[in-house]
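Asks: Sequence and predicted structure, then a few things I'm wondering about:
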Amino acid sequence: MKPDTLAAFGYHAAAFIGRLPWPWLRALGDAMAWAWRRFDVRESRVARRNLEIAYPDLLPGQRDDLHAAILRTTARQALETLRFWTRPAGENLACLRERHGEALYDEALASGKGVIVAAPHFGNWELLNQWLASRGPIAIVYRPPESPAGDAFLLRVRGADNIRQVRAEGPAVRQLWKVLKDGGAVGILPDQQPKMGDGEFAPFFGKPALTMTLVSRLAERTGATVLFAWCERIGPGPDFALHVERAPAAIADTDAVTAVTALNQAVERIARRDPAQYQWTYKRYTLRPEGSGEGNPYH
């Protein structure tokens with residue numbers, strides 16, 4: 001079956017789930033989270049290991065409670081994203097009960113210097129994408145799935161007006177540089193682990209993590225404004241708060257280690273607002289510094 005056909009089937013399935021009432025989505029998400037813990041699937045194992053790394057001082061009971069909360073939030077986020085992907089953007093943006101820092105983004109965009117939006121994996125970043133698109137065109141960097149059908153699905157569900165998706169591959173930097181030099185906006189998830197050689201190690205929750213230099217290189221070379229943005233869940237229903245903040249100046253430092261250290265500190269500060277809303281199911285520490293003698297902590 002062709003990738004586009006499979007993507008169409010996936011879209012209709014997502015739309016069916018997305019039409020369920022919010023209480024049903026929450027209940028289904030909680031059931032998914034229970035099953036993940038009960039059968040100790042990949043999401044459960046990775047989250048538990050990350051908590052051992054990032055929160056070594058927590059008592060076992062405290063870590064277990066946080067682990068359960070993370071899986072519940074992760075499952076709910078996955079299902080609510082299906083809704084956001086398949087419902088009108090105007091309806092989705094009505095879920096933003098609070099908006100903080102909107103003027104910062106609008107002013108940065110109006111300046112003509114270009115805007116880099118660093119969006120950590122916190123809260124619901126797909127809702128953030130739709131808010132950004134509501135303010136004007138934006139190029140969003142994404143890592144394509146290995147499956148052509150999966151890639152076609154993402155291109156379809158994120159293919160709203162004003163969103164241009166840029167594959168995180170070789171030509172990406174040139175495309176993003178041009179967008180910024182033309183005064184446009186670029187969205188980057190800054191806490192994805194790059195390939196060895198495409199980043200620098202810097203502390204993240206007390207442990208060295210290979211961190212992308214893309215944000216700092218673009219900021220330093222183009223003079224674009226760097227902002228952090230996220231949509232934080234603030235209620236049991238479809239209740240979110242938009243936050244936009246200025247990034248530390250050190251993110252554009254010419255020294256790569258200084259820049260990525262500032263980047264990780266900012267992401268960590270956001271994640272600590274509510275650790276259950278951060279994506280702890282991602283293997284952030286697989287690559288270790290050369291000569292450290294450390295192995296992959298997820299083995």
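Replies: Good, I have the coordinates.
Asks: By neighbour count, which bits of the host helix or strand of A68 are buried? Give me those.
Replies: In the assignment (DSSP states H and E), A68 maps to helix 60-86. Of all the residues in helix 60-86, those buried under the rule 16 or more other C-beta atoms under 10 Å are 63, 66-68, 70-86. Every residue, glycine included, has its C-beta placed from N, CA and C.
Asks: next one: stretch 1-15
Replies: Those would be L6, A7, G10, Y11, A14, for stretch 1-15 by 16+ other C-beta under 10 Å.
Asks: likewise stretch 168-185?
Replies: A168, A172, V173, Q175, L176, W177, V179, L180, G184, A185.
Asks: now the fourth one: how far from V186?
Replies: For Q175, the distance to V186 under the criterion C-beta to C-beta, to the nearest Å works out to 9 Å.
Asks: Mind listing the shared neighbours of the two?
Replies: Both Q175 and V186 are contacted by A139, under the criterion C-beta atoms under 8 Å, 6 or more residues apart in numbering.
Asks: What lies in contact with stretch 247-262?
Replies: 118, 199-203, 211-213, 215-216, 219-220, 226-228, 263, 265-266.
Asks: Compute the first-to-last residue distance for it.
Replies: 9 Å (C-alpha to C-alpha, to the nearest Å).
Asks: Please, where are all the strands along the stretch 151-299 of the chain?
Replies: Listed in chain order, the strands of the stretch 151-299 of the chain (DSSP state E, counting those that start in this stretch) span 163-167, 185-188, 199-204, 207-212, 225-233, 240-246.
Asks: what about the helix holding A68, average pLDDT?
Replies: Averaging pLDDT along helix 60-86 gives 97.
Asks: looking just at contacts, which helices and strands does that helix meet?
Replies: Applying 3 or more C-beta pairs under 8 Å, 6 or more residues apart in numbering; DSSP states H and E, we find helix 60-86 packed against helix 3-18, helix 22-38, helix 42-54, helix 125-135.
Asks: Point out the most buried one among these.
Replies: The highest mean neighbour count among these, using mean count of other C-beta atoms under 10 Å, belongs to helix 125-135: a mean of 21.
Asks: How about residues contacting it?
Replies: 81, 84-85, 89, 92-93, 95-96, 105-106, 109, 117, 119, 138, 140, 158, 160-163, 185, 187, 189, 229-231, 240, 242.
Asks: rerun that using 6 Å as the cut-off
Replies: With contact meaning C-beta atoms under 6 Å, 6 or more residues apart in numbering, helix 125-135 is reached by T81, F84, A89, N92, A119, I138, A160, N162, I163, A229, C231.
Asks: can you put those in JSON lines and add distance to R45?
Replies: Below are those laid out as JSON lines (distance: C-beta to C-beta, whole Å):
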{"residue": "T81", "distance to R45": "22"}
{"residue": "F84", "distance to R45": "27"}
{"residue": "A89", "distance to R45": "35"}
{"residue": "N92", "distance to R45": "32"}
{"residue": "A119", "distance to R45": "26"}
{"residue": "I138", "distance to R45": "35"}
{"residue": "A160", "distance to R45": "34"}
{"residue": "N162", "distance to R45": "38"}
{"residue": "I163", "distance to R45": "33"}
{"residue": "A229", "distance to R45": "30"}
{"residue": "C231", "distance to R45": "27"}
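Asks: Pick the one among the buried residues of stretch 168-185 closest to Q279.
Replies: For the buried residues of stretch 168-185, the residue nearest Q279 by C-beta to C-beta is A168; the value is 16.6 Å.
Asks: can you pull the contacts of the closest one?
Replies: Residues near A168 by C-beta under 6 Å, 6+ apart: V141, R143.
Asks: nearest residue to R158 other than its sequence neighbours?
Replies: Of all residues not flanking R158 in the chain, Q165 sits nearest, at 6.0 Å (C-beta to C-beta, 6 or more residues apart in numbering).
Asks: tally of neighbours for the one you found?
Replies: 16 (other C-beta atoms under 10 Å).
Asks: On the strand side of things, show who it bridges to.
Replies: Beta-bridge pairing for Q165 (DSSP bridges): I140.
Asks: Roughly how far does it sit from R217?
Replies: Distance from Q165 to R217, by C-beta to C-beta: 20 Å.
Asks: Just the endpoints, please. Distance across stretch 282-295?
Replies: So stretch 282-295: terminal residues 17 Å apart, C-alpha to C-alpha.
Asks: Cool, thanks, talk later.
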